[in-house]
Structures are given as C-alpha cells and as structure tokens.
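# next come a sequence and a model predicted from it.
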Amino acid sequence: MQIRFLRPLSRVLGLAFLSGIAVAGLISPSYAQNTLERIKSQKSVRVGFSNFAPTSFVGPGGEITGSSPELAKAFFKSLGVEKVEGVVGEFGSLIGGLQAQRFDMIAVAMQIQPRRCEQIAFGDPEMQLLQGFVVKKGNPLALKSFKDVADNRNARLGMLTGAGQIRFADIAGVTRDQQILFPDFDKSVAGLQAGRVEAAAGASVALKYILSKINSPEVEFAELSQQPVDEKGQSVTAYAGMGFRQGDTELLGAWNAWLRAARQSGEALRIMAQFGLGENDIAPVSVTAQSLCQNR
C-alpha cells in the first residue's frame, strides 16, 4: 500500500488544470469515462484520508488502515480493483484535495453536514457518532457539554481544523478565542496535556481509541451530559460517511449499494469491529445522506 502526502493546493490546482488540458486532447468528444469506469478499467484508485484513528490512520507498516479505509478496500475489491493508494493530508485539506482530483474518495468518517454537502457528495453514513471530551484527570472544570465550555471563560476547547465540532461549539456560544484548532486528535490531546486547552472534543470512538493507546494517568474521557444541539436547539446525532465529488454519481451509487448489502450481511460490522466499533456505532439503514444534507 503506497501512501502519498498532499501537496500545496495552489500547485495541485495548477497540475489539475494542465492535466485537464492534456486529457481533453486525448479523449474523444463523443465519450469520456466517468470516474467509476476509469477506476474499474485501471484497477487502481486513490483514497484521501488523515490520521483520525480508529476511523483512518497510517498503520505500523506504513499502510492506510482504519474502519473507513478498510470498508473502502472491501468495496473496491468487489469491483476488481487491485491497487488502493492512500493520499494522506490534514483533515481540513481533504475536501479541497478531493475537488482538485488528488484522489477519488474521502475515507475518514467525515461528519455529514449541510455546509459540506454544498461542496461534495456524501455516501450514506456508515457510522453514527456520539461526541465526547478528553479532560485532565478528575475533570477539574467539570466540562461535560459544549455549553459548559461556553459558560466558563477560563475554558479552552481543542478541536480539529475543519471538524464538525466547530459548528457545535459555535451554536453553544463557545467564543472563537476559546476554540483552539489542531491538525489531528493526537495533537489535540497533546495540547490538553501541555495545558494549551482544558478539554479536547471529538467523536467518542476516536477519543477512547487514542486514550487506550497513550495510556496516560493524566487525562481521562468525559461522557457528555448533553449531546450537541443544532440551530433549532434540537439534540444532534452526528453521522459520518465517505466523500465523493458531486459529479461522480455512478461511483456514489455503487458505494451506497455495496454498503447497504454489507450492513445487511454483517460484513460492515466485521470490518469495523477490528477497530473497536460495535453495532451501536453503525448508522441505521434508514438514515441516508440525502436526508442529512436536506436538514438545513
């Protein structure tokens, strides 16, 4: 498994433009392969991801792994694809990288939110995500909700750049100077240990996984007494899915069909269970990306 790193977006856009000119001269105006056809014919695909354990990360052997990449690998294997190449970048760079055609799919369990739906197309969710905090041992500021952080001006909240928790913090009234952004969860928790923040927010499955790895007596997981709310004050259950370019309807349709069958057969659970996820972490089949994107 080969892994590449994202180049600066300005350079990527320039290369994408030049590539487009070259390809335009080679493809007959009467027919151009769509992304799914190209992947199947080349038997190769590039997948964008970030270090976002346990949903996606670089494994000990340098391979792309995690619940989302392993689902993606199983899907592409069903299509006869022999090579799945990982392109790693910071979480906040993934949508731009997808749009710039650096890869064909985001496999990082990205929260499906209306604002993101304006930029990319989401597959139906494979995960449902409860939110949690990592705090210092004993939770000295008693931070158990985004509202608790907003109400305590001495509290700073660590979050990932571009992550869905930023929206939850904004709605709860957490001021921007209380929001400290990090490129990945490991650095967010390290920021907590270093005293840069008083809590690190994220999906419970990711935070618990990191705590199990660092095994530090200084920090602990804090269950939230109240899950985040939306702009209408309604409690929010976050759902996460794969990301696709908006024009790649054939690839998106093939993924949704495979995921639906994999959930029904138990294959999806078997893959995700390797990373500590259980049945309660899998999104119900009744929840679709379309319904989540329309919930504005």
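Cool, got the structure. Numbers count the residues shown, from 1 in each chain.
# ok, now which ones touch the closest residue to G132 other than its chain neighbours?
Nearest non-adjacent residue to G132, counting by Cβ to Cβ, 6 or more residues apart in numbering: S204, 4.0 Å away. Placement of C-beta: from N, CA and C, glycine included. By Cβ atoms under 8 Å, 6 or more residues apart in numbering, the residues touching S204 are L129, L130, Q131, G132, F221, E223.
# so the residue lying closest to the last one once chain neighbours are set aside versus A254, what's the distance?
Nearest residue to E223, sequence neighbours excluded (Cβ to Cβ, 6+ apart): G132, at 6.3 Å. Spatial separation of G132 from A254 under the definition Cβ to Cβ, to the nearest Å is 34 Å.
# of the two, which one has the most company?
G132 (22 against 19; other Cβ atoms under 10 Å).
# look up which helix or strand the more buried one falls in, please.
G132 belongs to strand 131-136 when assigned by DSSP states H and E.
# please pull up the helix or strand immediately following that strand.
Stepping forward along the backbone from strand 131-136, the first helix or strand reached (DSSP H and E) is helix 146-151.
# now do the contacts for the closest residue to G59 other than its chain neighbours.
Once flanking residues are discounted, G59 sits nearest to T65: 4.1 Å by Cβ to Cβ, 6+ apart. Counting by Cβ under 8 Å, 6+ apart, T65 touches S56, F57, V58, G59.
# from what I see, the second one and N51 are in contact.
Okay, so that is F57. Yes: assessed by Cβ atoms under 8 Å, F57 is found in contact with N51 at 4.8 Å.
# bridged to F244, which residues?
In this entry, F244 is beta-bridged to A121, by DSSP bridges.
# G191 versus that one, what's the distance?
32 Å.
# could you measure from the residue nearest in space to the middle of the chain over to F221?
Nearest to the geometric centre of the chain sits M110, at 2.6 Å (Cα atoms, centre = their mean). M110 sits 22 Å away from F221, going by Cβ to Cβ.
# next one: V189
10 Å.
# common neighbours of these two, please.
With Cβ under 8 Å, 6+ apart, V189 and F221 have common neighbours V134, L207, L211.
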